[in-house]
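**Student:** Below: sequence and its predicted model.
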Amino acid sequence: MFKKAAVFTDIHFGLKSNSRIHNQDCEDFVDWYIEQAKEHGCETGIFCGDWNHNRNSLNLTTMDAGIRALEKLGAAFDNFYMFAGNHDLYYKDKRDVKSTEWAKHIPGITVVDEMQVIDDVALIPWLVGDEWKRIKKLEAKYIFGHFELPSFYMNAMVQMPDHGELKAEHFGGTKYVFSGHFHSRQNQGNVHYIGNAFPHNYADAWDDKRGMMILDRENDGAPQYIDWKDCPKYRKVKLSQLIDEKDTLLKSKMYLRVELDLPISFEEASFIKETFINDYDCREITLIQQKHLEEINSELDISQFASVDQIVSEEISKLDTESFNKKMLLDIYTDLS
């Protein structure tokens with residue numbers, strides 16, 4: 001299928017309410033990714049899901065940016081493969097409506113709609129229904145997918161609880177599994193989460209290990225990760241630290257959440273924000289009172305909470321009324337989610 005592939009995932013065009021800045025970051029990343037792929041002699045590109053962010057609609061400016069990026073990718077590689085992540089799908093439990101369908105019409109782009117094995121490589125979009133049962137029967141040395149596996153970290157703070165059918169041990173016969181979906185780069189055994197293309201929010205604070213992965217299949221090589229050094233960066237700091245280390249801490253395209261651990265007036269706070277944003281080309285500086293920050297950072301054990309789908313389904317099921325058809329309400333919610 002390929003000799004040497006350049007891989008990335010979870011770019012999320014349209015994030016932050018179709019932010020022009022975010023979409024430009026996405027295009028800048030694609031330019032950098034293509035440059036790196038050429039430098040390393042990659043003839044094939046692979047994208048592991050979540051091209052777009054919004055599951056319900058596609059903004060025209062976001063679609064325009066996405067088309068420009070895919071046209072570049074189609075022209076840069078002999079083959080560029082992409083498949084749907086959960087954010088690319090309109091329905092939760094089927095893949096027949098997705099926001100990347102139009103990509104099929106771009107020369108050089110192959111959209112993988114179904115689980116597919118080419119030579120010793122499997123390409124697997126977001127699994128629906130009982131498709132997970134087919135994983136153990138796959139005969140593939142390399143698997144690329146968009147999986148939600150327990151015990152891996154969704155971000156630096158939150159670990160995925162054990163509540164789904166698919167487990168890491170189901171991939172026991174595979175040399176490497178490469179997945180999108182969780183945004184922190186990590187691996188356990190043969191399963192590697194590549195990490196999103198670049199940091200997206202404060203859940204990624206201080207974690208700049210984002211970018212792309214190169215796999216030299218021809219020489220049976222190990223995965224090689226390359227960080228995008230010019231990526232947007234997120235930081236959580238104290239005001240005292242910011243003042244003392246501003247020249248080493250502050251960078252272009254940086255977002256900062258600053259804890260006010262020093263007494264400061266409104267005028268002083270406004271001056272600090274305006275000065276640092278202008279002098280260091282920071283994108284955002286948010287000053288937060290210590291008490292408020294403690295509320296934001298209060299630790300939550302995700303295993304103690306049901307998913308949104310579980311909560312809504314249970315509440316509908318508990319409705320004590322003859323005015324509504326509960327099954328119909330559940331079906332409507334499933335289609336919407």
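**Tutor:** Sure, I can see it. This one's a predicted model, so the numbers in the text were calculated from it and none came from an experiment.
**Student:** How many residues are close by the closest residue to V191 other than its chain neighbours?
**Tutor:** Distances taken as C-beta to C-beta, 6 or more residues apart in numbering place V177 nearest to V191, at 4.5 Å, with adjacent residues excluded. C-beta coordinates here come from the backbone N, C-alpha and C atoms, glycine included. V177 is flanked by 25 other residues according to other C-beta atoms under 10 Å.
**Student:** Break the chain down into its domains, please.
**Tutor:** Domain assignment of the chain by automatic domain parsing yields the ranges 4-227, 233-296, 306-336.
**Student:** tell me the most buried of those?
**Tutor:** Mean neighbours per residue, mean count of other C-beta atoms under 10 Å, is largest over the domains of the chain for domain 4-227, with a mean of 18.
**Student:** Show me where the stretch 151-300 of the chain dips below the pLDDT cut-off.
**Tutor:** 291-300 (pLDDT under 70).
**Student:** The residue nearest to V191 falls within a helix, correct?
**Tutor:** No. Read with DSSP: H, G, I helix; E, B strand; the rest coil, V177 is strand and lies in no helix.
**Student:** For it, give me its contacts.
**Tutor:** Neighbouring residues of V177 by C-beta atoms under 8 Å, 6 or more residues apart in numbering: Y142, I143, G145, F147, A168, F171, N190, V191, H192.
**Student:** Save those as CSV, and put in distance to K104 and secondary structure too.
**Tutor:** Below are the contacts of V177 laid out as CSV (distance: C-beta to C-beta, whole Å; DSSP: H, G, I helix; E, B strand; the rest coil):
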residue, distance to K104, secondary structure
Y142, 24, strand
I143, 23, strand
G145, 20, strand
F147, 23, coil
A168, 32, helix
F171, 28, helix
N190, 31, coil
V191, 29, strand
H192, 28, strand
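**Student:** Tell me the one among those nearest to T61.
**Tutor:** G145 (29.7 Å; C-beta to C-beta).
**Student:** So for the closest residue to that closest one other than its chain neighbours, what's the pLDDT?
**Tutor:** Among residues not flanking G145 along the chain, I124 sits closest, at 3.7 Å (C-beta to C-beta, 6+ apart). Here the pLDDT value assigned to I124 is 98.
**Student:** So I124 versus N187, what's the distance?
**Tutor:** To N187, I124 is 18 Å away according to C-beta to C-beta, to the nearest Å.
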